[in-house]
Structures are given as structure tokens and as C-alpha cells.
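J.: pasting the sequence and the predicted model now:
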Amino acid sequence: MKICHVSDPLSFQAQEAHPMGPQARVLLTSVFGPYAQDDEYGSRTVNPMECYHNQVTRVQGPFSLRMTHPSLGLYLIMANVDAPCTLLDFPDLNRFEQELREKKYDIIGISAKSPNVVKVAKMCAVIRARQPGATIVVGGHIANMSDLGERIDADYVVCGEGVRWFRKFLGQDPEQPISHPCVLSGTNARCMGINLSDKSRDSAAALIPSVGCPIGCNFCSTSAMFGGKGRFVCFYETGDELFDVMCKIEKEMGVWSFFAMDENFLLNRRRSLRLLDLIQAHGKSWALYVFSSADVLASYDVEQLVGLGISWVWVGLEGKNSHYEKLRGIDTQSLTRELQANGIRVLGSTMIGLEEDSPDNIDEVIDWAVGHATDFHQFMLYTPAPGTPLYADYGQRGMLLKESEVEWADTHGQSRFNYRHGRIQKGQDTEFLLTAFQRDFEANGPSVTRMMRTLLNGWLKYKNHPQAHIRKRFAMQVDKMPTLYAATLWATRLWFKNNPPVAGKMAGLLNDIYNEFGMKSRIAAPLLGRIVLHLIRKEQKRLDAGWTYEPPTFYQRSVKSVRPRGQFLQKQ
């Protein structure tokens, strides 16, 4: 098995090409399901193929946001290779084997994370049995596992950015401009028993400006995957390039919102401010969902964020006792309140089990996080992942658990530590994590209703803004406020009748909607609210009966893509 570190020039230069070049038939696939169950291949009920329900709204029952996020890296590769390519996303094992029985491939690429190493080993074995002549390529976060060659029978392991590697392997120019796939960032969304629309106008397109993160926190597997601290790969360096790509995606897909899959989108200040100028000049009513560190967020005026269309931000709060430079001097609770007051939804991310955490201070740690009252809140165990500085540090200190003590399938940050914590004992890790989720839910209520408060804040503040495209964006965001949102609050208030603080918040927000939208909302709330309440109760029964959510299988032979105009292709 050969390993290529794409971020290492010598390693990448030494990578040979496939003898068939662009004539090679390529299959790109994610690991097989089902995912939301405990089995011998490493699936876990507690770790379904759902980012939100898995890590954010985990204990919110029928109010949990259920959604599938496509394997976007595979779509990006598919859009940038000249070889005939097939994409198989979220197959079960039978469907994967069927594909190998019915079609012959020269190259089969598998994308995975380290908890799925047993699945990858199984898929490699199936390929060897069904198509022994195929070249097996494995990439994704799993490539950071130092002993991967002892666990799977693959030909190549690709550490880092897959587009350049595949282009070189297929005899293409690896440095040619990136074509951006036209694909939704999430599909099959469901909440409160209601299947939400997958129509482009109601969904966000994926936007991938860069991969990796130059900040390089010691626990960040994404940073480690693309070269470590200070290293990242930028696909669109200028605001002009990015704006042109977004315009073309808007036209091709009919979207008005974008989920930027970039670890710190606003860090490239020059690009962001140029994008702001272009958005204002062309009157684009776009909504952008982004990841950002707190220090970078705080470096922008709120008017700039609103002008850019920043409508939702995922920000690392890390923990009350954390010492990361990106949080130094930042009052994250005040920052959260300011963003929400301006209609920007906040997803805060907190780690449980920092080295300073202990049973004596864990309540204070959790209460500090819950006190942010973010719209959504991710809680994760502080977990050293392969390839990260934290993993190397804990390994040198003899803190990592052996595989006989914790399986790779359980090292996903939502179950237990994969190391010996100096203050927290085995079993307490799981308990403290669940306590954090539950306390946030009990104190702040369902994320879906918190989000409604923030959206109403934005509408009330900007409905009379002098710039028409800003007024239009906030109007689109509250389009369902007088009807479906009002009905949801009416039903949720009754659901939480035994939790007076949360029920009071629902009642107060519903009253504010009545005052703003008048008779339409007052009529719709009880009429539609009875239907919503029925659906919530029905969904709860399904969950009580053991219902789990599995993503559908996606099968594609091509993907639409766009490129910025020629004058933007040269680096500036």
C-alpha cells in the first residue's frame, strides 16, 4: 500500500499515474450502512449518519433536526476529473456488492472516517473478491490512522486534498481551476414529524471555498488532514471568483442560500470584503451559513456581517476553561447576543472533558455553555483524533487507551473518551455529555423555536433597511412566520406545559408574532397548530417504538458544476 501526503510536495511529486489515465472507469463511494444501529461493522445507534441529530439536537426528541449531508468531497472530485465516474453515496452492503457485480471499474475510491475502519476493511475485501483488478484508493479522515496499512487491503491511501491527487493519478493537470459541483448541502430534512422541502428555494447549496484550517487547534482533525497548523487549500482566493461561482450556482440551482463548507470562512478578510462590495453592487439577497472562530467574527462590524448575508454561524466556544488563542479576550456570550439581536442564528460548539474539567466543576462548565442560549448547541467529548497534535501528545504521555479498551467504532466524540482523563473517570464522560445536552434543552427549549426568535429579531430590525436586497432577504426568512412558525409555537407551548419557563418563552414569542403579523397569524396558529401538535405526538410514538433515521442511497453518473469566468482564473 502506498501513502501520498498531498500537502507534501515531495510525496505528491512521487505519485505515479494510473496506466489507463482518463480512460479509467472510476467509482467513488462512502462507507456502507445502515448507520443508526449497533453492528459488527462499527455502526452505532448513538452515532447515526446525521450531523445535527448526532451532535447538536441529540436529546430533543421529535423536535430534533434530522437531515442527511451528502459526502461533498466525493462530489467535488467527481466534478473535477475527466474519467467516466460514478458516485455511490450511502449504500448498504448489498447495494455496494450489486454495483460491483453489474459494472466493472478500474479505480474504486472510498471516503471514510476512522470509526468506520472495519467497514472500509470489509469493502476492500469485497472489491478484491469481485473485481481483483481494480485499484483501491482510500481517503478522508481515516487516512490519518498511522497503522491503516495493517487494517485494510488498499493500493493507495490519500492524505489531504483529493481533487489534485485524482487529477494527477488520471494524468490530468492537477493545478487547473476547480469546477464547483452544484449540490444541496443537506437533504431529506425532517423535524416534528414534518418532512421539510428539498426544493432548491427552501434549501442551501453547498459552497466549498477552501479545505483545511490555518488556525490549527490541537484537536482539529480537519486541520491535520490538510497539512496541519498554518496549512490549507484555497480553491477561490478572490471575492470576484467566489461571487462568480455563487452567481452561477444560483442560476443553475435556483437557490438563494449557501452553506459555506469552509472551516473559517471570514478569515480571508480581503475576499470577504470584496464579496460584500459585489453583493451590494448587484443587490444579491443571499443568505450565507458559515463556520467562524470567535475572534474573526468579532473583527467585523455587525453591519458588514448583515451586508454579507451572514444568517447562520457555527462558532467554537470550546469551553469555559479553554485557553485557545482564537477565544482570548472575547466575551462569547455578549457576541452571541449581539449576533442574535441582528437576526444571525448561532450554533455554539462546546467540548466536554477539557483537561481542566472535573466532577467538581462540570456543572459550572455546562451552565456556562448553556448560558449562551445559542440557537443550536453542539456538545462533543474532547477527543484526540489520529493525526492531530493532541493525539500525538496523549500518545507520548501514555494516555491513549488500547483498542481492547475502546473500539475505533466508539471514538467519535459522542460516547466515551479514547484516553485516560486525569480527573474524569470511565462512565462519567458519557454522563456529563448527556447532562450537557439535556440541560441545554430544558433551559432553552427546542432549537427550532430558538431559531424563530432570532429570525423575528432580524426582521424587526431590518424590515425597513434602506438597501432593498437586505429587506428582501429578511422578508424571505420570515415568510413562514405568520403561519407554520406561529403554529409550531402554539403546539410547542402546549407540549411544554409542564416546563413553565420554556412554555413561557413560547408564549412570549407567539405573542410577538401576533403583534407583528396580526390576524393572519392569530388564525393560523391554532388551526395549523393542532395539526402540528398531532404530528409531534405521532413522531414521539415512532421514536418510542425505536424508529431510526437512515439516509437514502444516492447514485449518480455525473454532477453539474460551474467555474468562475476566465479573467478570475489566474491567481491575483
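T.: Nice, I can see it.
J.: wouldn't Ala143 be in contact with Tyr156 here?
T.: No: the pair Ala143 / Tyr156 is not scored as a contact, 9.8 Å apart, by Cβ atoms under 8 Å. Yep, even glycine has a C-beta here, placed from its N, CA and C like the rest.
J.: neighbour count for these two, which is higher?
T.: Comparing Ala143 with Tyr156 by other Cβ atoms under 10 Å, the one with more neighbours is Ala143, at 25 against 21.
J.: not counting its neighbours along the chain, what's nearest that one?
T.: Cys159 (4.3 Å; Cβ to Cβ, 6 or more residues apart in numbering).
J.: before we move on, the earlier item: list the residues that contact both of Ala143 and Tyr156?
T.: With contacts defined as Cβ atoms under 8 Å, 6 or more residues apart in numbering, the residues shared by Ala143 and Tyr156 are Ile3.
J.: nearest residue to Ser30 other than its sequence neighbours?
T.: Ser71 (4.5 Å).
J.: surely the one you found meets Ile110?
T.: No: using Cβ under 8 Å, Ser71 is not in contact with Ile110, being 10.4 Å away.
J.: which residues are common contacts for the two?
T.: Counting by Cβ under 8 Å, 6+ apart, the common neighbours of Ser71 and Ile110 are Ser30.
J.: per-residue pLDDT, Ser200?
T.: Looking at Ser200, its pLDDT stands at 65.
J.: run the chain-centre distance for the host helix or strand of Ile523.
T.: Under the criterion of DSSP states H and E, Ile523 resides in helix 519-544. Between the centre of helix 519-544 and the centre of its chain there are 29 Å (Cα atoms, centre = their mean, to the nearest Å).
J.: how far is the helix or strand that comes right after that helix from where the chain is centred?
T.: Next helix or strand after helix 519-544 toward the C-terminus (DSSP H and E): strand 554-556. How far strand 554-556 lies from its chain's middle: 20 Å, per Cα atoms, centre = their mean.
J.: partners of the helix or strand just after strand 554-556, with directions?
T.: Later in the chain than strand 554-556, the nearest helix or strand by DSSP H and E is strand 561-562. In the sheet, strand 561-562 lines up against strand 180-181 (antiparallel) (DSSP bridges).
J.: parallel or antiparallel, list what pairs with the helix or strand hosting Val137.
T.: Using DSSP H and E, Val137 sits within strand 135-139. Using DSSP bridges, strand 135-139 pairs in its sheet with strand 107-111 (parallel), strand 156-159 (parallel).
J.: redo those as TSV? Include distance to Cys85 and mean pLDDT.
T.: Below are the strands paired with strand 135-139 laid out as TSV (distance: least, Cβ to Cβ, whole Å; pLDDT from 0 to 100):
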stretch	distance to Cys85	mean pLDDT
strand 107-111	9	98
strand 156-159	16	96
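J.: of the ones you listed, which is nearest Asn268?
T.: When these are compared by Cβ to Cβ, strand 156-159 sits nearest Asn268, at 24.1 Å.
J.: need the contact partners of that closest one.
T.: The contact list for strand 156-159, computed with Cβ under 8 Å, 6+ apart, reads 1-7, 135-139, 143-144, 148-149, 165, 169, 225, 387.
J.: CA atoms of the helix or strand that that strand is followed by as PDB?
T.: Following strand 156-159 in sequence order, the next helix or strand is helix 162-169 (DSSP H and E). Only the C-alpha atoms of helix 162-169 are listed here, as PDB (Å, rounded to 0.1, in the frame of the first residue of the first chain):
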ATOM      1  CA  GLY A 162      -8.400  14.500  -3.200                       C
ATOM      2  CA  VAL A 163      -9.000  16.600  -6.300                       C
ATOM      3  CA  ARG A 164      -5.300  17.200  -7.000                       C
ATOM      4  CA  TRP A 165      -4.400  13.600  -6.300                       C
ATOM      5  CA  PHE A 166      -7.100  12.100  -8.600                       C
ATOM      6  CA  ARG A 167      -6.200  14.600 -11.300                       C
ATOM      7  CA  LYS A 168      -2.500  13.600 -11.200                       C
ATOM      8  CA  PHE A 169      -3.400   9.900 -10.900                       C
END
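J.: and Val183, how many residues sit next to it?
T.: If you count neighbours by other Cβ under 10 Å, Val183 ends up with 24.
J.: what score does it have for pLDDT?
T.: 96.
J.: show me what contacts it?
T.: Counted by Cβ under 8 Å, 6+ apart, Val183 has contacts 70, 72, 75, 205-206, 559.
J.: 6 Å instead, please
T.: Neighbouring residues of Val183 by Cβ atoms under 6 Å, 6 or more residues apart in numbering: 70, 75, 206.
J.: check Gln333 too.
T.: Going by Cβ under 6 Å, 6+ apart, Gln333 touches His372.
J.: for it, give me phi and psi.
T.: The phi/psi pair for Gln333 (degrees, to the nearest 10) reads phi -70, psi -40.
J.: what sits closest to Met452 if chain neighbours are left out?
T.: Computed as Cβ to Cβ, 6+ apart, the closest residue to Met452 that is not its neighbour in sequence is Tyr485, at 5.1 Å.
J.: check the residue lying closest to Ser197 once chain neighbours are set aside and give its pLDDT.
T.: Counting by Cβ to Cβ, 6+ apart, Ser203 is the residue found nearest to Ser197 once chain neighbours are left out, at 7.3 Å. Reading off the confidence values, Ser203 has pLDDT 88.
J.: verify the stated contact: Ser203 with Leu184.
T.: Yes: here Ser203 reaches Leu184: they are 4.9 Å apart, a contact under Cβ atoms under 6 Å.
J.: can you report how many residues lie near the residue nearest to Ser197?
T.: By other Cβ under 10 Å, neighbour count at Ser203 equals 21.
J.: quick one, helices of the stretch 351-500 of the chain?
T.: With DSSP state H, counting those that start in this stretch, the ranges of helices along the stretch 351-500 of the chain come out as 362-370, 389-396, 428-444, 447-462, 468-477, 486-495, 500-517.
J.: let's have these in JSON lines, adding distance to Gly239.
T.: Formatted as JSON lines, the helices of the stretch 351-500 of the chain follow (distance: least, Cβ to Cβ, whole Å):
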{"stretch": "helix 362-370", "distance to Gly239": "34"}
{"stretch": "helix 389-396", "distance to Gly239": "32"}
{"stretch": "helix 428-444", "distance to Gly239": "36"}
{"stretch": "helix 447-462", "distance to Gly239": "23"}
{"stretch": "helix 468-477", "distance to Gly239": "17"}
{"stretch": "helix 486-495", "distance to Gly239": "37"}
{"stretch": "helix 500-517", "distance to Gly239": "35"}
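J.: right, I'll leave it there.
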